[in-house]
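Chemist: Pasting the sequence and the predicted coordinates here, then a few questions.
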Amino acid sequence: MSLDIDRVRACFPALASGTAHFDGPGGSQVPRQVAQAVADTLCGGLANRGTVTAAERRTEAVVAGARAAVADLLGCRAEGVVFARSMTQATYDMARALSRQWRAGDEVVVTRLDHDANIRPWQAAAEASGAILRWADFDPATGGLTVDDVAAVLSPRTRLVAVTAASNLFGTRPDVPAIAEAAHAVGALVYVDGVHLTPHAAVSTAELGADFYACSPYKFFGPHHGLLAADPGLLETVRPDKLLPSSDAVPERFELGTLPYELLAGTAAAVDFVADLAGPAGGSGEPGESGRSRRARVLESMRQVEAHEEELFGRLLDGLAALPGVTLHGAPKRRTPTALFSVAGHAPRQVSEHLAGLGVNAPAGSFYAVEAARHAGLGDAGAVRAGLAAYTCAEDVDRLVEGVARLAG
């Protein structure tokens with residue numbers, strides 16, 4: 001089966017404006033089902049979590065439901081799902097907590113391919129603890145990061161390796177399982193930034209070898225917040241700062257203050273939406289009627305999403321490559337459907353503004369992957385980024401290529 005793109009697009013109210021959205025890497029559009037779940041939760045009667053009133057029990061169910069949904073999306077345990085304001089906040093919090101176990105002379109590895117949210121928290125934690133920060137470089141010509149690039153800076157003193165599952169700038173997908181194996185061989189933990197991978201591929205935290213996997217629901221059709229997944233047993237060994245009366249249980253000990261319950265309901269709805277991308281599970285259109293687990297439906301849906309995006313991405317790359325004066329940056333063998341390009345004689349922002357005037361949203365910049373942009377010679381201005389999503393159609397791709405052609409021609 002292939003993705004029913006008309007059915008998928010009909011779920012996104014924002015697409016009715018006619019805008020072609022290639023800005024998904026910065027935040028996807030939101031389906032009606034997710035917005036409705038947020039509204040229903042806000043209007044349905046909320047309270048702090050508990051078991052006495054109906055509102056308390058409803059809120060408790062929202063949190064449990066969100067953890068279960070994320071577990072089905074990532075192939076992890078619900079008891080190890082931590083919610084946060086953003087992936088950046090979750091990473092800073094975990095970096096501070098883990099660094100309490102580091103000593104002067106210990107080492108932490110980061111890569112220049114990563115988003116700054118998976119670099120600067122570890123740099124700050126290393127400086128505070130006296131640990132040494134080691135940098136793994138990538139090939140600036142291709143955007144490729146290999147296990148050898150990371151292994152070259154590992155040592156018996158390495159305590160943690162922070163690596164992206166997919167570059168939000170180039171789309172590069174490093175061999176995370178191999179990198180994790182090398183890191184574990186020297187006794188290091190592995191912290192994976194999965195923000196850019198999660199919307200484009202089936203994820204299994206165990207298969208990746210990720211001790212920690214962080215991502216953002218608003219990149220996979222959900223609300224704006226972040227989350228972190230880890231084995232509950234590992235989380236038991238980490239002692240973060242917390243308020244005295246707040247729960248010391250895992251995962252609650254890592255969740256500071258009251259959770260955004262309506263956003264968690266939206267996240268669960270987003271996972272349900274992903275699970276149904278391959279088609280409604282039952283004859284009446286109700287999810288789950290077929291008897292297949294939500295996890296199984298997620299895996300099938302993501303298989304179809306990958307096939308859909310791969311076909312359109314080839315169309316996009318071929319179209320851009322044929323235009324005079326257009327340079328495509330990075331050519332990794334394994335990548336998400338993310339095209340980074342420049343147009344000769346035009347600043348990246350000028351290209352983005354030109355496309356926006358045509359109803360095509362493709363932003364420009366380094367997108368917080370400042371180390372990657374600098375290492376590739378793009379500077380802080382970066383380039384134009386066009387990212388595909390499950391709702392992207394062939395007409396969107398053709399409009400982007402035609403818009404660039406007007407400048408390049």
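Modeler: Yes, it's here.
Chemist: what are the pairing partners of the strand or helix carrying residue 110, and which direction each?
Modeler: When elements are defined using DSSP states H and E, residue 110 is found to belong to strand 107-111. In the sheet, strand 107-111 lines up against strand 132-136 (parallel), strand 158-164 (parallel) (DSSP bridges).
Chemist: The ones you listed into CSV, with extra columns for distance to residue 367 and mean pLDDT?
Modeler: For the C-beta atoms, the positions are set from N, CA and C on the backbone; glycine is no exception. Formatted as CSV, the entries for those read as follows, by distance: least, CB to CB, whole Å; pLDDT from 0 to 100:
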stretch, distance to residue 367, mean pLDDT
strand 132-136, 20, 98
strand 158-164, 12, 99
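Chemist: Among these, show me which one is buried the most.
Modeler: strand 158-164 (a mean of 26; mean count of other CB atoms under 10 Å).
Chemist: continuing past it, what's the next helix or strand?
Modeler: Using DSSP H and E, the helix or strand that follows strand 158-164 towards the C-terminus is helix 176-185.
Chemist: Is the residue sitting furthest away from the middle of the chain in a helix, a strand, or coil?
Modeler: Counting by CA atoms, centre = their mean, the extreme residue of the chain relative to its mean C-alpha position is residue 52, 36.7 Å from that point. Under the three-state scheme (DSSP: H, G, I helix; E, B strand; the rest coil), the conformation of residue 52 reads as coil.
Chemist: repeat for residue 192
Modeler: The three-state label for residue 192, taken from three-state DSSP, comes out as strand.
Chemist: What residues are recorded as beta-bridge partners of it?
Modeler: Per DSSP bridges, residues listed as beta-bridge partners of residue 192: residue 163, residue 213.
Chemist: pLDDT wise, what is it at?
Modeler: Model confidence at residue 192, expressed as pLDDT, equals 99.
Chemist: hang on, it packs against residue 212?
Modeler: Yes - counting by CB atoms under 8 Å, residue 192 touches residue 212, with 6.7 Å between them.
Chemist: Pull out the buried residues from the helix ranked longest in the chain.
Modeler: Counting residues, the longest helix found in the chain (DSSP state H) is helix 294-321. Applying a neighbour-count criterion of 16 or more other CB atoms under 10 Å, the buried positions in helix 294-321 are 294-295, 297-306, 308-309, 312-313, 316-317, 319-320.
Chemist: for stretch 218-231, same thing?
Modeler: Taking 16+ other CB under 10 Å as the neighbour-count basis, stretch 218-231 is seen to contain the buried residues 218-223, 225-231.
Chemist: I'd like the mean pLDDT over that stretch, please.
Modeler: 98.
Chemist: what about dumping the CA coordinates of that stretch to PDB?
Modeler: The C-alpha atoms that make up stretch 218-231 are tabulated as PDB, following Å, rounded to 0.1, in the frame of the first residue of the first chain:
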ATOM      1  CA  TYR A 218       5.800  19.500  17.500                       C
ATOM      2  CA  LYS A 219       8.000  18.000  14.800                       C
ATOM      3  CA  PHE A 220       5.600  15.000  14.400                       C
ATOM      4  CA  PHE A 221       2.300  16.800  14.200                       C
ATOM      5  CA  GLY A 222       1.900  17.400  17.900                       C
ATOM      6  CA  PRO A 223       2.000  20.400  20.300                       C
ATOM      7  CA  HIS A 224       5.000  22.500  21.400                       C
ATOM      8  CA  HIS A 225       6.900  20.700  24.100                       C
ATOM      9  CA  GLY A 226       9.700  18.100  24.500                       C
ATOM     10  CA  LEU A 227      10.300  14.700  25.800                       C
ATOM     11  CA  LEU A 228      13.000  12.300  26.800                       C
ATOM     12  CA  ALA A 229      12.900   8.500  26.800                       C
ATOM     13  CA  ALA A 230      15.300   6.300  28.800                       C
ATOM     14  CA  ASP A 231      15.200   2.900  30.600                       C
END
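Chemist: any idea how far that stretch is from the chain center?
Modeler: Here stretch 218-231 is found 7 Å from its chain centre; the criterion is CA atoms, centre = their mean, to the nearest Å.
Chemist: before we move on, back to that, so can I have TSV of the strands paired with strand 107-111 showing distance to residue 381?
Modeler: TSV is the format used below for the strands paired with strand 107-111 (distance: least, CB to CB, whole Å):
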stretch	distance to residue 381
strand 132-136	22
strand 158-164	21
